[in-house]
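S.K.: need the 3D shape of this:
(chains A and B)
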Amino acid sequence: MAGMQTASGDYIDSSWELRVFVGEEDPEAESVTLRVTGESHIGGVLLKIVEEIKRKQDWSDHAIWWEQKRQWLLQTHWTLDKYGILADARLFFGPQHRPIILRLPNRCALRLRASFSQPLFQAVIAICRLLSIRHPEELSLLRAPEKKEKKKKEKEPEEEVFDLTKVVLAGGVAPALFRGMPAHFSDSAQTEACYHMLSRPQPPPDPLLLQRLPRPGSLLDKTKLHSRWLDSSRCLMQQGIKAGDTLWLRFKYYSFFDLDPKTDPVRLTQLYEQARWDLLLEEIDCTEEEMMVFAALQYHINKLSQSGEVDEPASTDQGLDDLDAALSNLEVKLEGSAPTDVLDSLTTIPELRDHLRIFRLALRPRKLTLKGYRQHWVVFKETTLSYYKSQDEAPGDPIQQLNLKGCEVVPEVNVSAQKFCIKLLVPSPEGMSEICLRCQDEQQYARWMAGCRLASKGRTMADSSYSSEVQAILAFLSLQRTGGGGSGNHPQGPDASAEGLNPYGLVAPRFQRKFKAKQLTPRILEAHQNVAQLSLSEAQLRFIQAWQSLPDFGISYFVVRFKGSRRDEILGIANNRLIRIDLAVGDVVKTWRFSNMRQWNVNWDIRQVAIEFDEHINVAFSCVSASCRVVHEYIGGYIFLSTRERARGEELDQDLFLQLTGGHEAF
Amino acid sequence: MFSNLLGEMDLLTQSLGVDTLPLPEPKPPRAEFNYSVGFKDLNESLNALEDQDLDALMADLVADISEAEQRTIQAQKESSQNRPPSASLDVPSFSGAASVGCWADVAAASVSQYEDDLPPPPADPMLDLPLPPPPPEPLSQEEKESQAKADKIKLALEKLKEAKVKKLVVKVHMNDNSTKSLMVDERQLARDVLDNLFEKTHCDCNVDWCLYEIYPELQIERFFEDHENVVEVLSNWTRDTENKVLFLEKEEKYAVFKNPQNFYLDNKGKKESKETNEKMNAKNKESLLEESFCGTSIIVPELEGALYLKEDGKKSWKRRYFLLRASGIYYVPKGKTKTSRDLACFIQFENVNIYYGIQCKMKYKAPTDYCFVLKHPQIQKESQYIRYLCCDDVRTLNQWVMGIRIAKYGKTLYDNYQKAMARAGLASRWTTLGTVSAATPAPPPTGLKTSTTQANGQIPQGAPSLTTVLGEAQRHVETTKDKKPGLGSHDPGAPKALQKSSLAPPPPVRRSSDVGGSPGTSPKVKGAAAASFPTPPDDLLPPPPPPPLLEDSELPPPPPDFNEAPPDFVPPPPPAIVGDAGSWLPPPPPPPPPALAPEAAKQSPVAVKRPPVPPKRRENPGAPGGEGGEQDFMSDLMKALQKKRGNVA
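M.R.: Model (predicted):
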């Protein structure tokens, strides 16, 4: 052992003193001094340190960090000489896993322990395992954006930070499910709440907040985000991250493999959240019509998650089809009431008859003279609407008879003005007839509206969904009364505040500027009709799909300068192609597909990426807005992800990923 | 009038005593075969029933049927000359009458569609299929698991739905100017009809064959998508329409799957890209398709450009810049850019179909003849709600039409293509098989017969062994089966039975002589119309299985859980009926159904040939075969109810 001494105290071996600080890179930290030789193994040094500290503690997670070289000394069988450590090395003996604050895709903050010593790719795998997100290769971490200093010292409300630092995962096997959640979440009420936060969509954000948050104004702004990605092949410590720092967890690669609502609640929810924030913060543009669908889905998702209808219980594994559902409905009804009534109600197809004011648009609206609404006697039976001059003439021929099957039903409602209209666009061989039914009150409106909606789908009011449809419409109307204004002035019931529809929280700010809330609400509700039947996970999936269908979906933008070109241009990287985009106009100049790619090289010295495609097409560019590492990693990452279909079911090939994305250090 | 009718029905109801249950043969021609089981003390018995399933079922049956009843009655009134049509039916009182009995009047509906040169058959012939008479047999409820009950109920409902299936005779124009008429029932998809036509025409079954509708009046045309319901589309046509259905090959139908690069990688006609595109190899095509159609969401080809839009009601055309997105077609308003936020929505696809416009240059003074048209399927006359767009060249036209179809139908289009491919592959395999099977002594199922005929004049290629080919074919069918939506449920019990029954009936190739052997709802066209046709293939169950299912015929007696739908080839033996109730094994009751069956079998073929067949001639439920399942179930049900009632009384 090192440290042999003569009687006078001189050391007679070639040992020397090594000072090791205990703790996390803190100059004030306590230190221990050991006597070592160049041949000492790291493992031995570690033992000595622990002996010196004389504290009983679990040291198993601790390792030595060499500050000057920015390197962990993890090879315990290596000697100090092999590492090249001399007496002047500043070494820190600290834990490899340290707490960080993760900002999740749903914008919630979560404190957990992440590995500071493994390559980031592995650290993310561990994090995703903890959060039970499959396919961690699609995610990565970003540095949080620097806070702007000019904050007027305004007190931000203290936000809740969920804590998972105490949770320890057993290695190896996938976490088992317990009480509907991965077992490690079911330890305490806190962790359970955390799982709910992860697996359930968050309520819509405050519209004011939405307006305050930064939004990209141009393509150039969209490139900024990508400069903050951390390097997957190096560890957090090497990238200057400290314990307690905030990092963003995001889906980095827009290629979502094998998305399964059943096994992926957290992944699906977080993906949905990321998509939603992308849309709300105008990271991706969409048209007005598309935004209404997104808003309607958000509204629906929020409603379901608020009401606690978090998907079907596990007992319905075989999946009840409509018929089953109808049958069970029927059973319930039968149990509940006297059989005679039931039989009556079943044999009778209910019909509606009432005095309604009708406003009829002729086939050619241009020649229309505004006659206003006229009172008619209207009979609605099965899917057919007939109206008569008066009730007395009802047995005779109606003025007009319309079969509502396949028609468009548009609500035109203004609760405060007590206007309850149903606009029908009814197709016929000759074209469309437009007709407007004006109802007197909410109740009447709800009944007729529900009938029209069912009829447009070819169902009658005998359908089991009729009464629930009526209820849903009434609920909507009450929402519009309470939440539609968007101002918190008038008192709201507890329910209304939880479920109230504030349309401004569902659309991107530019639509907030364009429309008034009362204009938005009916449009969102109209779009909601088409999605109202979806379950929570279906709705989330639909949202994600609609997001993926946007033309600009999944493109990460970088400012680059192509070889031979004098001005900056935008390079878009998507999961299957590279896109050269004009910086000023935003037009696509050229597209190259990865499937035609032969090879790509990075010249780290001049920060240039060179790509060769089939048929000797060569492209080279230097990266301006982000490090060329990030660009390189994006390209390599997408290539890696495209290999997954072939390697389905196999373990994640981490080496391949690092090989494809790593820099020269990786080789 | 109406009360007369009601009175008559009441009489009928009473005459049909529970225990006698005569075959409802001697009926006045006018009267419906409203087969009723009288419950004099209905309320009482219902109250006494603890078995909710049965209640639910019976109630549901009534609800399900009442619609058909009303139609029936109305039709009846219309058809009988001596009765002036009454304007409206008093529904409540009517249903009051109906609720006296459990109505098992199953109206198979009308031939309402006539081709231009068909002599119009009498209006709305009705067809009634009374349900099998229930043998008065007690049934021990305790031994039935509730699961099994649910399955049965579902099965019964399914059967009931089948029973009132609407059918059309469709005249299909072939490309050699000949026509073929075939029966299309309302559940058949274009794919099924195509399969039918393949059988009839012995064509090569390749994927380009399509059903094609043309509107001479509007000068538009389009293909039926394979997943479209044919009857639904045709029922939008007006009565006096000149529209036609064609059967022809159109390579545009699945062009995107053959050369995806033309749609996905087209760089607006740049020379270089075209050259590279043509060189695209199969592997790249495949990966491009996979990328576009197999992801979480499909990718709609990026398509944008200036098109001419016909202005409403005028013959002038305006050039605008249009973009295709998954959510619809958009245009760039004047003075705006083509960024998403500026786009204005031109049309969304939910309620419109896409058509090719024919000779729009002439008719509407279009700039070119490359037009496409978007209109609601129900619109049949010229209207401002029809949108006309005009492209510069045929390539652009095809790109737009295909792009819109992808946006509208999504992955379904790809599924359709794969099914079509499977079908085409199957066809080529069958041709080789045909020669082999001709030599096999085993009784070949009908599908084999067809293939034999199909193989005529064809050189067998390297004839693989029969079993492997069959096995493969079978697998093919099964995979397609699995994908078929709506076939059965996810319920573990029922699907088996359902599938069984759906496989059981003979494939579409069956000719008239076979009809008698086919279950319940055989095609029913009234009078001359029916007689003048070659009797159309009769497949009542949703997916007409093209190839035979050897398994069925080779199978030893089915395992007990299959008993609800015994295989088709054997007439249902009485024991099967007994067995299906579970474990109770009393001596076989003297149930009417089996007794009926042979008689029916004898009758049916005759019925087809006789011209003045009254529509309800087909009263017999118990044709041997597939019907067995229904019989069993219905009789079980009746037994149960009667038992209950008996207990109370």
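S.K.: could you use CA atoms for every contact and neighbour count after this?
M.R.: Will do.
S.K.: contact partners of stretch B:304-323?
M.R.: Contacts with stretch B:304-323, where a contact means Cα atoms under 8 Å, 6 or more residues apart in numbering or on different chains, come from B:303, B:324, B:329-332, B:364-367, B:383-384, B:387-392.
S.K.: what of stretch A:418-425?
M.R.: Contacts of stretch A:418-425 (Cα under 8 Å, 6+ apart): A:407-414, A:432-442, A:445, A:449.
S.K.: list only buried entries from those.
M.R.: A:407-414, A:432-439, A:442, A:445, A:449 (16 or more other Cα atoms under 10 Å in any protein chain shown).
S.K.: flag every residue of the stretch 101-250 of chain B that's near chain A.
M.R.: Neighbours of chain A within the stretch 101-250 of chain B, by Cα under 8 Å from any Cα of the partner chain: B:154, B:236, B:237, B:238.
S.K.: secondary structure class of residue B:287, three-state.
M.R.: helix (DSSP: H, G, I helix; E, B strand; the rest coil).
S.K.: and the average pLDDT for stretch A:606-621 is what?
M.R.: Taken as a whole, stretch A:606-621 has an average pLDDT of 89.
S.K.: what's the answer for stretch A:504-523, then?
M.R.: If you average the pLDDT over stretch A:504-523, you get 85.
S.K.: ok, so what distance separates residue B:382 from residue B:420?
M.R.: Distance from residue B:382 to residue B:420, counting by Cα to Cα, to the nearest Å: 34 Å.
S.K.: ok, now residue A:660?
M.R.: For residue A:660, the distance to residue B:420 - Cα to Cα - is 40 Å.
S.K.: now the closest residue to residue A:612 other than its chain neighbours, what's its secondary structure?
M.R.: Spatial nearest neighbour of residue A:612, excluding adjacent residues (Cα to Cα, 6 or more residues apart in numbering or on different chains): residue A:618 at 4.5 Å. Using three-state DSSP, the structure places residue A:618 in strand.
S.K.: what's the neighbour count on residue A:618?
M.R.: Residue A:618 sits with 14 neighbouring residues when counted by other Cα atoms under 10 Å in any protein chain shown.
S.K.: residues in contact with it?
M.R.: A:610, A:611, A:612.
S.K.: what are the phi and psi values at residue B:407?
M.R.: When quoted as degrees, to the nearest 10, the phi and psi of residue B:407 stand at phi -60, psi -40.
S.K.: quick check: it touching residue B:325?
M.R.: Yes. With contact defined as Cα atoms under 8 Å, residue B:407 counts as touching residue B:325 (7.4 Å).
S.K.: shared neighbours of those two, anything?
M.R.: Going by Cα under 8 Å, 6+ apart, residues that sit against residue B:407 and also against residue B:325 are residue B:300.
S.K.: if you rank the residues of the stretch 101-250 of chain B next to chain A by neighbours, which is first?
M.R.: Going by other Cα under 10 Å, residue B:154 tops those with 21 neighbours.
S.K.: surely it is in a helix?
M.R.: Yes. Counting by three-state DSSP, residue B:154 is found in a helix.
S.K.: where's the residue lying closest to residue A:273 once chain neighbours are set aside, which helix or strand?
M.R.: Spatial nearest neighbour of residue A:273, chain neighbours left out: residue A:106 (4.9 Å); criterion: Cα to Cα, 6+ apart. Here residue A:106, judged by DSSP states H and E, is contained in no helix and no strand.
S.K.: so residue A:106 is in contact with residue A:204, correct?
M.R.: No. The criterion here is Cα under 8 Å, and residue A:106 misses it with residue A:204 at 10.5 Å.
S.K.: still on that earlier bit, adding pLDDT and secondary structure, write the residues of the stretch 101-250 of chain B next to chain A out as a markdown table.
M.R.: Shown next, in a markdown table, are these (pLDDT from 0 to 100; DSSP: H, G, I helix; E, B strand; the rest coil):
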| residue | pLDDT | secondary structure |
| --- | --- | --- |
| B:154 | 77 | helix |
| B:236 | 86 | coil |
| B:237 | 88 | coil |
| B:238 | 86 | coil |
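S.K.: so which of those residues is the closest to residue A:572?
M.R.: Nearest to residue A:572 out of these is residue B:236 (Cα to Cα; 47.0 Å).
S.K.: would you map the helices across the stretch 201-350 of chain B?
M.R.: In the stretch 201-350 of chain B, the segments counted as helices under DSSP state H, counting those that start in this stretch are B:230-234, B:255-258, B:261-264, B:271-278, B:282-293.
S.K.: C-alpha coordinates for the last one, PDB please?
M.R.: What follows is helix B:282-293, C-alpha atoms only, in PDB (Å, rounded to 0.1, in the frame of the first residue of the first chain):
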ATOM      1  CA  ALA B 282     -39.700  -1.200 -56.000                       C
ATOM      2  CA  LYS B 283     -38.000  -1.100 -52.600                       C
ATOM      3  CA  ASN B 284     -38.100   2.700 -52.500                       C
ATOM      4  CA  LYS B 285     -41.700   2.700 -53.600                       C
ATOM      5  CA  GLU B 286     -42.500   0.400 -50.800                       C
ATOM      6  CA  SER B 287     -40.800   2.500 -48.300                       C
ATOM      7  CA  LEU B 288     -42.400   5.600 -49.600                       C
ATOM      8  CA  LEU B 289     -45.800   4.000 -49.300                       C
ATOM      9  CA  GLU B 290     -45.100   2.700 -45.800                       C
ATOM     10  CA  GLU B 291     -44.000   6.200 -44.800                       C
ATOM     11  CA  SER B 292     -47.100   7.800 -46.300                       C
ATOM     12  CA  PHE B 293     -49.800   5.300 -45.300                       C
END
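S.K.: burial of residue A:211, as a residue count?
M.R.: For residue A:211, using other Cα under 10 Å, the count is 17.
S.K.: tell me which residues touch it, please.
M.R.: residue A:509.
S.K.: where does it land in three-state SS?
M.R.: Residue A:211 - assigned by three-state DSSP - is helix.
S.K.: can you pull the pLDDT of it?
M.R.: Reading off the model, residue A:211 has pLDDT 85.
S.K.: if I look at it, how far off is residue A:509?
M.R.: From residue A:211 to residue A:509 the distance is 6 Å (Cα to Cα).
S.K.: which non-adjacent residue is nearest residue A:88?
M.R.: Using Cα to Cα, 6+ apart, the nearest residue to residue A:88 is residue A:18, at 7.9 Å.
S.K.: which residues does residue B:308 bridge with?
M.R.: As for beta bridges, residue B:308 partners with residue B:319, residue B:390 under DSSP bridges.
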